[in-house]
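S.K.: 3D model of this:
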Amino acid sequence: MINPIWLKTFCTLVDLGHFTKTADVLFMTQSGVSQQIKKLEEQLATPLLIREGKSFTLTDAGMRLHTDGIKLLQCAELLEQNVKQDEPFVGPVRIATPGSVGLTLYPFLLDIQAQYPALHISHAFSPNKSIERDIGLRHFDLGLMTHPSTSAEVITEAVAQEALVLVTPSTIESLTWQTLQNLGYIGHPDGHQHCQALLQPNFSQFEHPSQFTEKGFSNQISLILEPVSRGFGFSVLPLHAAKAFNAQESIRIHRLSSPVNETLYLCRHSHVVQSQRVRYVAEQIKLLLSQSKK
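M.R.: The predicted model follows:
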């Protein structure tokens, strides 16, 4: 590989046409300039200059090296600038979240991008295990999970509490055990876990979700409450998912007497120094979640 320092000295010499001026510009001695040109010629095994006293002319190889060398030096300078660039509102930010909080978070992220168009935000809905794995592989800059990481490559920070709520059709004003029995249950991938967590401390009769007739199931977070809104049953979901449903007038969100919360953890790779833009978005996410729990 061509030594970039020698190449810069050579191109500067050709541009200025004088050894002394080149030495002054590069803060070198004149003999130092001559030595670097000689080393470059030795490395390439070809003469680059025809010396004529204190002046010189370029060989064919020297002309070609100067033409292509200028381009190479410009690319190297641009690469260095791009690597060092760390502006808070410029560049990509990649985020992954569970479905429930993602329904609230994604429109908020789009609002940030609308405010700073040079900030390019990518968002993916993923389960906890996938988020932890992909943060470790550096596929994402930030993630939200509902449990702390067990990976040494992933740092997790508890940032918010997300309430679990029981959601019924809007016609149901008060809850009894018999009401739930009559309604039946609308399932989803985390449904049994959520039911167990919320119903056990609130209904003495509860033992297991199988006590309810399952009236439907959906693995799409935005569709879980569609059958609930049509009167087919009840479901238990994180509050963010319930609030994000587009037909709020058709459902009723019940906060039970013994509240149950899931902790939300913001996660990132443990060995990556975060850019200003990633830190900015992380702080905005924490602010949103701290406000939305109220």
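S.K.: Find the centremost residue of the chain, please.
M.R.: Using Cα atoms, centre = their mean, the residue of the chain that lies closest to the mean C-alpha position is residue 94, 2.5 Å off.
S.K.: now that one: how far from residue 230?
M.R.: If you measure residue 94 against residue 230 using Cβ to Cβ, to the nearest Å, the figure is 37 Å. To be clear about C-beta, it is placed using only N, CA and C from the backbone, and glycine gets the same treatment.
S.K.: again, but for residue 25
M.R.: Taking Cβ to Cβ as the measure, residue 25 and residue 230 are separated by 78 Å.
S.K.: By mean pLDDT, point me to the weakest helix or strand of this structure.
M.R.: For the chain, scoring each helix and strand by mean pLDDT, DSSP states H and E identifies helix 60-84 as the least confident one, at a mean of 85.
S.K.: Going by neighbour count, which residues of that helix are buried?
M.R.: Applying a neighbour-count criterion of 16 or more other Cβ atoms under 10 Å, one finds 62, 65, 66, 69, 73 buried in helix 60-84.
S.K.: Tabulate these in TSV, adding columns for distance to residue 222.
M.R.: What follows is the buried residues of helix 60-84, written out as TSV (distance: Cβ to Cβ, whole Å):
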residue	distance to residue 222
62	66
65	61
66	61
69	57
73	53
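S.K.: Would you point out the most distant pair within these?
M.R.: The largest separation in these, counting by Cβ to Cβ, is between 62 and 73 at 15.4 Å.
S.K.: For the stretch 101-250 of the chain, which segments count as strands?
M.R.: Assigned strands in the stretch 101-250 of the chain, in chain order: 119-125, 142-145, 154-169, 185-187, 214-217, 235-238 (criterion: DSSP state E, counting those that start in this stretch).
S.K.: Out of these, which one sits most buried?
M.R.: strand 235-238 (a mean of 28; mean count of other Cβ atoms under 10 Å).
S.K.: Run through this protein and note the low-pLDDT ranges.
M.R.: In the prediction, the chain carries residues with pLDDT under 70 at positions 81-82, 84-85, 292-294.
S.K.: most remote residue from it's center?
M.R.: For the chain, the largest distance from the centre (Cα atoms, centre = their mean) belongs to residue 53, which lies 60.6 Å off.
S.K.: Could I get the phi/psi values of it?
M.R.: Comment: the main-chain dihedrals of residue 53 come out as phi 70, psi -120, following degrees, to the nearest 10.
S.K.: Determine the set of other helices and strands touching the least confident helix or strand of the chain.
M.R.: Contacting helix 60-84 under the criterion 3 or more Cβ pairs under 8 Å, 6 or more residues apart in numbering; DSSP states H and E are the following elements: helix 4-16.
S.K.: relative to helix 60-84, how tilted is the helix it packs on?
M.R.: Direction vectors for helix 4-16 and helix 60-84, defined by axes from the mean of the first three to the mean of the last three Cα atoms, to 10 degrees, enclose an angle of 120 degrees.
S.K.: just how off-centre is helix 4-16 within its chain?
M.R.: Relative to its parent chain, helix 4-16 has a centroid offset of 41 Å by Cα atoms, centre = their mean, to the nearest Å.
S.K.: again, but for stretch 244-264
M.R.: Distance of stretch 244-264 from its chain centroid, counting by Cα atoms, centre = their mean, is 27 Å.
S.K.: Buried residues of it, list them for me.
M.R.: Residues of stretch 244-264 classed as buried by neighbour count (16+ other Cβ under 10 Å): 244, 245, 250, 251, 252, 253, 254, 256, 260, 262, 264.
S.K.: Just the CA coordinates for it, please, in CSV.
M.R.: Listed next in CSV are the C-alpha coordinates belonging to stretch 244-264 (Å, rounded to 0.1, in the frame of the first residue of the first chain):
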residue,chain,number,x,y,z
ALA,A,244,-53.2,2.7,20.8
PHE,A,245,-56.3,0.8,19.6
ASN,A,246,-58.1,2.9,17.0
ALA,A,247,-61.7,2.4,18.2
GLN,A,248,-61.5,3.6,21.8
GLU,A,249,-65.2,4.2,21.9
SER,A,250,-65.8,0.5,21.5
ILE,A,251,-63.7,-0.7,24.4
ARG,A,252,-63.4,-0.1,28.1
ILE,A,253,-60.0,-0.1,29.8
HIS,A,254,-60.3,-1.4,33.4
ARG,A,255,-57.7,-0.6,36.1
LEU,A,256,-58.1,-3.2,38.8
SER,A,257,-57.8,-2.7,42.5
SER,A,258,-54.5,-4.4,42.7
PRO,A,259,-52.4,-2.9,39.9
VAL,A,260,-49.7,-4.9,38.2
ASN,A,261,-46.9,-3.4,36.1
GLU,A,262,-44.3,-4.7,33.7
THR,A,263,-40.9,-2.9,33.8
LEU,A,264,-39.6,-1.6,30.5
